[in-house]
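[1] Let's see this in three dimensions:
(chains A and B)
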Amino acid sequence: MKEVSRRKVLALGTGLVAVAMLPLPALASNEKVMEDIRKFTGGAEAPESSIVKLEVPEIAENGNTVPLSVSVDSPMTADNYVKRVILLAEKNPNPGVATFHFSPRSGVAEASTRMRLATTQNVIAVAELSDGSFHMTKSQVKVTIGGCGG
Amino acid sequence: MATVKPRVKAPKSATTGEIITIKTLISHKMESGQRKDKQGNLIPRQIINHFTARYNGEVVFEVDIEPAISANPYLQFNMRVEEPGEFEFIWNDDDGSVYATKQKLKVG
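    This is a model prediction of the structure:
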């Protein structure tokens, strides 16, 4: 567990409370993420699309609080709007981060939050539109001190 | 658990058709269920698992929240203004607690 002991040394060295890290086998494999996406889309395809934009830092100093903004290009009218956007962190112990539910009243399909990332990984956003289509994007965040323990 | 306090930053007035941004913050540890105590036992999960923003009773924005959302959950979202009224913001805790706050909006 080279990764775990190095993080503990870093954490103790900077005076932070040592956070217990899960052993590597417990970190989500890509299969868990694929399963979460399948559950979200009901099995439908979610191709990469430039209409979904993820704003995350390239490098996050503190994995405990990583800012994230997601926006989906949409007129947000009653006939054409974004219904949901799911956010996933592919290498977190559990990939699910949050699901945003929008409405035409949202005006724009944009939301921001802060998340915990255990390690350097891709953050994935999948959007569901009112026409039943799904669209995906992903962005890598390099994490210097992991924040899976909270 | 420490007092849970919600804070909201939203305009008090807006014009019809304007898209306003609402920022919400609630103080909460968001215990993920991944951490261990000094004895090596897992500290049980306790998080805010859902957020709802209603305007004049209608849901405008909702979030299903997982343990990967940071402590003191921050949520920012938008609404297109159509009529004056009142927001209600609701946070649901795993333990069944419900935290809520309201704010009026003038439209001129």
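[2] Do a quick rundown of the helices in chain B.
    Counting by DSSP state H, chain B yields no residue ranges for helices.
[3] right, I mislabeled it, should have said chain A
    A:2-13, A:30-41.
[4] weakest of these by average pLDDT?
    Lowest mean pLDDT within the helices of chain A: helix A:2-13, a mean of 53.
[5] what number of residues lie near B:A10?
    Using other C-beta atoms under 10 Å in any protein chain shown, B:A10 has 17 neighbouring residues. The C-beta positions use only the backbone N, C-alpha and C, and glycine is treated the same way.
[6] With B:M30 instead?
    22.
[7] any idea how far it is from A:F102?
    Distance from B:M30 to A:F102, counting by C-beta to C-beta, to the nearest Å: 23 Å.
[8] ditto for A:A118
    28 Å.
[9] quick one: which of the two has more around it?
    Neighbours per residue (other C-beta under 10 Å) separate A:A118 from A:F102, with A:F102 holding more: 27 against 24.
[10] wait, what's in contact with the more buried one?
    Counting by C-beta atoms under 8 Å, 6 or more residues apart in numbering or on different chains, A:F102 touches A:76, A:81-85, A:109, A:111, B:61.
[11] can I get these in CSV with pLDDT, neighbour count and distance to B:G40?
    Compiled in CSV, the contacts of A:F102 are given as follows (pLDDT from 0 to 100; neighbours: other C-beta atoms under 10 Å in any protein chain shown; distance: C-beta to C-beta, whole Å):
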residue, pLDDT, neighbour count, distance to B:G40
A:M76, 98, 22, 49
A:Y81, 98, 20, 48
A:V82, 98, 28, 44
A:K83, 98, 16, 43
A:R84, 98, 17, 38
A:V85, 98, 25, 38
A:A109, 98, 27, 44
A:A111, 98, 23, 37
B:F61, 98, 24, 40
